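Student: sequence and predicted structure are below.
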Amino acid sequence: MPERILKVTAVVAAYNEQQTIANVLGSLQRSPLIDEIIVVSDGSTDATVEISRAHDVRTIALRRNQGKGYAMRLGVEHASNDVIFFVDADMLDLSEEHISALVGPVLERRCEMNVGIRHRGPVRNFLHLKARMGPVLSGIRVMRREVWESVPAMYMERFKIELALNYFCAMAGYRQRNTVIYELGHVIKESKRGLLRGLAARVEMTREVILLHFDLYLFQTWRWPVQGDVLSTGHEYELFEAELVD
């Protein structure tokens, strides 16, 4: 029996990304590898939702900010396909070549998760990927749905999700690939939120990742008695779906 053809849903978690999201969505729509696009606006107060709707993609608008992990989870719950492509909404110069380099290895069944790493020079790339100095954290990643489902719900919140995906992908025996992506930029937090607020967000993200390391590798609270689904998707949101044209 021939293997079932895999299809890709791109999930774009966005918080106040009106400056860049139009270009990201345009690139995704031009790619023949992307079958579905879902934008989850995480309580955005700018024109993120309006721009997404203008592109005729399914748009979920959360009324309140719930954090990146929650927005990603909500996108997956609305996704129709077996392969999920998480895309940062603040990327610059996303091209069809980038998309192919990220999505291709999963569609070709060479791995179950492919993590995109922005090129930062040969020395930093070596230290990060070969010497393994520091965790591989990236919001640009493609995976089979079962990789996502291997992560306990307690880690599907805020900035925990990226490190948790790496950990539970390995625990479940799935294959992870890291792909260096060249000529792909992004807008840093300090530029989007201002210097002080951006630095504060970066410090909070770093603190959360450090604490999560202790949790996953030392305390392993996920092994404790079942705690139930600690996240609820009952938060109010509005769903916009483009009308199908015959």
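Tutor: Received it, and whenever you're ready, just let me know what you need.
Student: low-confidence ranges, this structure, go.
Tutor: 1-2, 120-136, 186, 188-195, 198, 201-202, 225-235, 242-246 (pLDDT under 70).
Student: in it, which spans are strands?
Tutor: With strands called from DSSP state E, the chain shows them at 8-14, 36-42, 58-62, 83-88, 91-92, 113-118, 141-144, 176-181, 185-186, 237-240.
Student: same list (those) but as a markdown table, adding mean neighbour count and distance to residue 98.
Tutor: In short, each C-beta sits where N, CA and C put it, glycine included. What follows is the strands of the chain, written out as a markdown table (neighbours: other C-beta atoms under 10 Å; distance: least, C-beta to C-beta, whole Å):
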| stretch | mean neighbour count | distance to residue 98 |
| --- | --- | --- |
| strand 8-14 | 26 | 12 |
| strand 36-42 | 26 | 15 |
| strand 58-62 | 22 | 22 |
| strand 83-88 | 25 | 10 |
| strand 91-92 | 18 | 9 |
| strand 113-118 | 22 | 8 |
| strand 141-144 | 26 | 11 |
| strand 176-181 | 17 | 6 |
| strand 185-186 | 15 | 11 |
| strand 237-240 | 14 | 27 |
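Student: for these, which one sits closest to residue 159?
Tutor: Closest approach to residue 159 among the strands of the chain (C-beta to C-beta): strand 8-14, 11.5 Å.
Student: just how off-centre is stretch 215-223 within its chain?
Tutor: Its chain's average C-alpha position is 23 Å from that of stretch 215-223, according to C-alpha atoms, centre = their mean, to the nearest Å.
Student: may I see the buried residues of that stretch?
Tutor: Within stretch 215-223, the residues that count as buried by 16 or more other C-beta atoms under 10 Å are 215, 216, 222.
Student: buried set for the longest helix seen in the chain?
Tutor: When every helix of the chain is counted residue by residue (DSSP state H), the longest turns out to be helix 195-214. For helix 195-214, burial by neighbour count (16+ other C-beta under 10 Å) applies to 205, 208, 209, 212.
Student: other SSEs contacting that helix?
Tutor: helix 160-171, helix 189-193 (3 or more C-beta pairs under 8 Å, 6 or more residues apart in numbering; DSSP states H and E).
Student: centroid-nearest residue for the protein?
Tutor: Nearest to the geometric centre of the chain sits residue 86, at 3.4 Å (C-alpha atoms, centre = their mean).
Student: rewinding a little: among the helices and strands packed on helix 195-214, which is nearest residue 48?
Tutor: Using C-beta to C-beta, these put helix 189-193 closest to residue 48, at 11.7 Å.
Student: how close does residue 215 sit to residue 152?
Tutor: Noted for residue 215: a distance of 11 Å to residue 152, by C-beta to C-beta, to the nearest Å.
Student: what's the answer for residue 175, then?
Tutor: Look at residue 175 and residue 152: by C-beta to C-beta, they are 21 Å apart.
Student: and for residue 43?
Tutor: 24 Å.
Student: with residue 89 instead?
Tutor: Taken as C-beta to C-beta, the span from residue 89 to residue 152 is 26 Å.
Student: compare those two and say which one has the larger neighbour count.
Tutor: residue 89 (29 against 16; other C-beta atoms under 10 Å).
Student: the more buried one contacts residue 18, correct?
Tutor: No - assessed by C-beta atoms under 8 Å, residue 89 is found out of contact with residue 18, at 9.5 Å.
Student: what touches both of those two?
Tutor: Residues touching both residue 89 and residue 18 (C-beta atoms under 8 Å, 6 or more residues apart in numbering): residue 48.
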